[in-house]
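[1] Quick check, what structure comes out for this input:
(chains A, B and C)
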Amino acid sequence: MFYIYLAILAIVLALTVWVLFDTKKLSLQVTAAMVIVPLLLRLLMIK
Amino acid sequence: MSQEFLLFILMVGVFAAGCFALKWPVSVSMLLAAVAGALAGGVQNPIRHLVEGTFGYVDTILTIATAMMFMTGFRDSGALEALTAAVIRKFNKLPGLLMILLTFVIMVPGMITGSSTASVLTAGAVVAPMFASMGMSALDSGALISIAAILGMIAPPVNIPAMIIGGGIDMPYVGFEIPLILLTFPLAIAFAFWFGWRNVRKVDRSKVVESLDFSALNQYGAWRLFSPLILIFVLMILDKTVPRVFGLGMPLIFLLGTALTWVTGKRFEILKSAKKAIEDVLPVLGILVGVGMFIQIMTATGVRGFIVVNALSVPPALLYVMIAVSIPLFGAISAFGSSSVLGVPFMLALLGKDQIIAAASLSLIAALGDFMPPTALAAIFAARVVGLEKYGGVLKKLVVPGLIIAVYGILFILFSKQIRALY
Amino acid sequence: MQKHTISAIICLAGALVAAAIAGASFLAMRKPDLIVRGPGVTDVKMLSDWFPGLKGTPGDTEVYILKGADDGASMLVLGGTHPNEPAGHIAAIMLIENAQPKSGTLYVIPRANASGFTANDPQEGAPQSFTIQTPNGPRVFRYGSRATNPIHQWPDPNVYIHASSGQTLSGSETRNLNRGYPGRPDGTLTERVCYGIVQLIKKENVTITVDLHEASPEYPVINAIVAHPKAMQLASDMVLGLEMQDIKISLEPSPVNLRGLTHRELGDFTDTLPVLMETANASQGRLRGRTDEALVLTGKDKWYVRAEKLGRLYVPYDEKGHPLEERVGRHVTAISELMNSWNLEHPEKPLEFEGLPGYEDFLTKGIGVFLLPLPAKN
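    Predicted structure coming up:
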């Protein structure tokens, strides 16, 4: 289950990065960057 | 004036200035308020603290993100519209019964998962178009969906705030079913009538059915089209009843449902649909991340202790007022957080009452936190599923119901022993 | 390149920098604090020696063995069941570095939830470590999370169902070591650690098990010993012994309906006499103010002083706080008294240890003088 959840997290992270590069709204870009931080650290199994 | 009070003013001030004066998004304003608090409060290693705070919500982020992906897929497959059409055609003649029925339908995912967001984004999103075609305004329907969602989160079998409060005083989550039913079901019926009845009676229902689109329903058939929703409900129930075999957890259940929407209805691009879902929900995810940082800094600097001890400082007569005010207010940052940080100390102050009923009532009051901006998860998502850009109007509609719920909860605490004697 | 692509790159770079800085700090938590083998330590094993299912997992943890020359009874001391309750961890280290066995065997697990020592609870603002000054220089100890690190056990279910009783608790309790007993060999990491500890108790026929904890000052069970019915006599003798030394401690029976805890399940599932002890730790409380190393070490907190005046606490609280010396002193002295109580009733199977500092020693000399120098770095 652990790795399935890491995979789900990777999907959400990838979609967030896609939105970051696709949107033209700076506020949404900053928000995306904020959300990326915890998702990335969990995906790398650091925290 | 204590240093903590000044820090609190600074953090709230930066947040308000960012949000209202500079029109930054809530997430960014929260981030800046946390940064200001960390710097002014002399927190060591502030970046570690800011990032660590966000981890309180990683699981919630996954649940919300996947739930939104599911709803978007369900809509894009044409199933959402078709479901509305089918239900309205069937129950058009019995609007009162339908109102109550739909209110309970919204509650079900919350009852099973303990999450008001799950309620709003699944059943709430399904029911919203039905409310609309029955003649309810978007505001009324948004308000009723939010209320049903938080009542669902509190109704048994799963009530996470009650588990958190119980856990804080080593009380197992046993014997909560009856008090929680007494706390939630009468309110659900009352609010269904309050918001539903007057709207529904005004509409000329003969025209409603004609305006519905049955094309997807006729093309794919109900079973196939609605199978993703059925799958989700079945998996949620299995997750609760046989957790050792089917303990998949909400995010995985939603993801499986999303995958199914791809093959059961109209063809759509699943990746684009999922990306759209994340784009729509990102501001809310950002708020959670910002709030996580905010709480971590409040705790590290002692502002949290300042708030909790001051809330406990009122004379006994005002204790109940303080419970009704402070728990929902602190719930502005998270209903679960409020249950732990304030719910547990208040529970300890209520040790003379019937413990189970007191904890159950506190959990109901804590759930009101999901109405409280800036997070206001129940209201934000309810506004979204009824198609409103801003949730302010829905919030206004929730003020009086919120007060009624708080008073109802307080009455249960006051008369806990008498209520216990009834069953 | 388009303008929004540039701003996206800048935002992503910012996120990566923040993640890198925070990540380095989180990774540093993986390095355990150093514990020195005291003169009484005869062997150091791993918990996986009793339950191989733990080998190579983050739940495997050291078991220090102090075996006396003469046979006698045995005692297992668990420190760090909750790594955010430092007095338990440090008291266990005090035994390892100071106790000298005469008769009987002492097993000490200073990091019962080793995984919990590698992270902090989010939104608690806790320090990652605290430093105790010793005559030989500073020694640094980890301040961890109440529960198993989610990196090692994730995701939590919505609701935690205790395996042997079916009791339900909030999902995050799945990672709470002291809700998982008697554990399962094929369960979660947390349950496997519980199972490993139970195997140790069974295979070594441990006579007495002491689980060292701390509680927040607003929590009713504090400065207390909680005992399983079959350990009640032993615990009440110990309470009398402590009262002779003017140490106030309350005796609580283990609640029958609260499952998964050491003082309940170890008594029900093994032959050991289990007790659990609590001291007053402000740094884990909900009413605390500024949360930092100083709070961990001194317990001085103005909001707790105010809460005491409001009658909200279950321990006396004034400007002097509850320093770590006092809390560790209570635990170590209570363990000595438990041994005394045992020996009075069972002279034929004694449990005798020397070298343990007394309560007054801790209050007057501090903790540092009882910590051994670290081995020189190569």
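[2] which SSE is C:Val206 in?
    Of the helices and strands defined by DSSP states H and E, none includes C:Val206.
[3] That one and C:Val77 touch, don't they?
    No. Using C-beta atoms under 8 Å, C:Val206 makes no contact with C:Val77, being 10.1 Å away. C-beta: built from backbone N, CA, C; applies to glycine.
[4] Spit out the residues that contact the two alike.
    Residues touching both C:Val206 and C:Val77 (C-beta atoms under 8 Å, 6 or more residues apart in numbering or on different chains) are C:Tyr107.
[5] Pick out whichever of the two has more residues nearby.
    C:Val77 (27 against 23; other C-beta atoms under 10 Å in any protein chain shown).
[6] Spell out the secondary structure type for the more buried one.
    At C:Val77 the chain is in strand, as set by DSSP: H, G, I helix; E, B strand; the rest coil.
[7] What of C:Ile151?
    coil.
[8] Pick out the residue of the stretch 201-350 of chain C closest to chain A.
    C:Thr291 (18.7 Å; C-beta to the nearest C-beta).
[9] closest point of the stretch 151-300 of chain B to chain C, which residue?
    For the stretch 151-300 of chain B, C-beta to the nearest C-beta, closest residue to chain C: B:Ala300, 3.0 Å.
[10] what's the burial count for the residue of the stretch 201-350 of chain C closest to chain A?
    25.
[11] again with A:Tyr3
    7.
[12] again, but for B:Ser119
    33.
[13] Show the average pLDDT along stretch C:206-221.
    Regarding stretch C:206-221, the rounded mean pLDDT is 96.
[14] Now B:Leu255: closest residue in space, sequence neighbours ignored.
    B:Thr66 (5.1 Å; C-beta to C-beta, 6 or more residues apart in numbering or on different chains).
[15] give the contact list for that neighbour.
    A:Ile8, A:Val12, B:Met250, B:Pro251, B:Leu252, B:Phe254, B:Leu255, B:Thr258.
[16] ok, and the closest non-adjacent residue to the third one?
    With C-beta to C-beta, 6+ apart as the criterion, B:Met250 has its nearest non-adjacent residue at 4.6 Å, and that residue is B:Thr63.
[17] I'd guessed the one you found sits against B:Pro251; true?
    Yes. Counting by C-beta under 8 Å, B:Thr63 touches B:Pro251, with 5.5 Å between them.
[18] Phi and psi next, for C:Val108.
    phi -130, psi 130 (degrees, to the nearest 10).
[19] Now name the helix or strand holding B:Val407.
    Using DSSP H and E, B:Val407 falls in helix B:392-414.
[20] what comes into contact with that helix?
    B:139-140, B:142-143, B:146-147, B:150, B:179, B:182-183, B:187, B:191, B:194, B:320, B:323-324, B:328, B:350, B:353, B:357-358, B:360-362, B:364-365, B:368, B:371, B:373, B:376, B:379, B:382-383, B:386, B:388, B:419.
[21] returning to that earlier point: now for the residue of the stretch 151-300 of chain B closest to chain C: which residues touch it?
    So B:Ala300 contacts B:Ala38, B:Gly41, B:Val43, B:His49, C:Gly125, C:Arg290, C:Thr291, C:Asp292 (C-beta under 8 Å, 6+ apart).
[22] So for chain A, which residue is the most central one in space?
    Among the residues of chain A, the one closest to the centroid is A:Leu13, at 2.6 Å (C-alpha atoms, centre = their mean).
[23] Next one: that residue from chain C, what distance?
    Distance, A:Leu13 to chain C, by C-beta to the nearest C-beta, to the nearest Å: 11 Å.
[24] residues in chain A within reach of chain B, list them.
    Applying C-beta under 8 Å from any C-beta of the partner chain, one finds that chain A approaches chain B through A:1, A:4-5, A:8-9, A:11-12, A:15-16, A:18-19, A:22-23, A:27-28, A:30-32, A:34-35, A:37-39, A:41-42, A:47.
[25] quick one: pLDDT of B:Thr184?
    The model's pLDDT for B:Thr184 equals 97.
[26] and it, that one's in a helix?
    Yes. Counting by three-state DSSP, B:Thr184 falls inside a helix.
[27] what's the neighbour count on it?
    Neighbours of B:Thr184 using other C-beta under 10 Å come to 27.
[28] so it makes contact with B:Met153?
    No. Judged on C-beta under 8 Å, B:Thr184 makes no contact with B:Met153 at a distance of 9.2 Å.
[29] about what we covered before: assign the residue of the stretch 151-300 of chain B closest to chain C to helix, strand or coil.
    helix.
[30] what stretches of chain A score poorly on pLDDT?
    Residues of chain A meeting the criterion pLDDT under 70: none.
[31] Smallest distance to chain C belongs to which residue of it?
    For chain A, C-beta to the nearest C-beta, closest residue to chain C: A:Ala33, 3.9 Å.
[32] contacting residues for that residue?
    A:Ala33 neighbours (C-beta under 8 Å, 6+ apart): A:Leu20, C:Cys11, C:Leu12, C:Gly14, C:Ala15.
[33] so which strand or helix has it?
    helix A:26-43.
[34] So which bits of the stretch 301-423 of chain B are right by chain C?
    Counting by C-beta under 8 Å from any C-beta, the stretch 301-423 of chain B sits next to chain C at B:301-302, B:304-306, B:308-309, B:312-313, B:337, B:340-341, B:344-345, B:348-349, B:351.
[35] What residues of the lowest-mean-pLDDT helix or strand in chain C count as buried?
    Scoring the helices and strands of chain C by mean pLDDT, DSSP states H and E places strand C:168-170 at the bottom, with a mean of 85. Residues of strand C:168-170 classed as buried: C:Thr168, C:Leu169, C:Ser170 (neighbour count, 16 or more other C-beta atoms under 10 Å in any protein chain shown).
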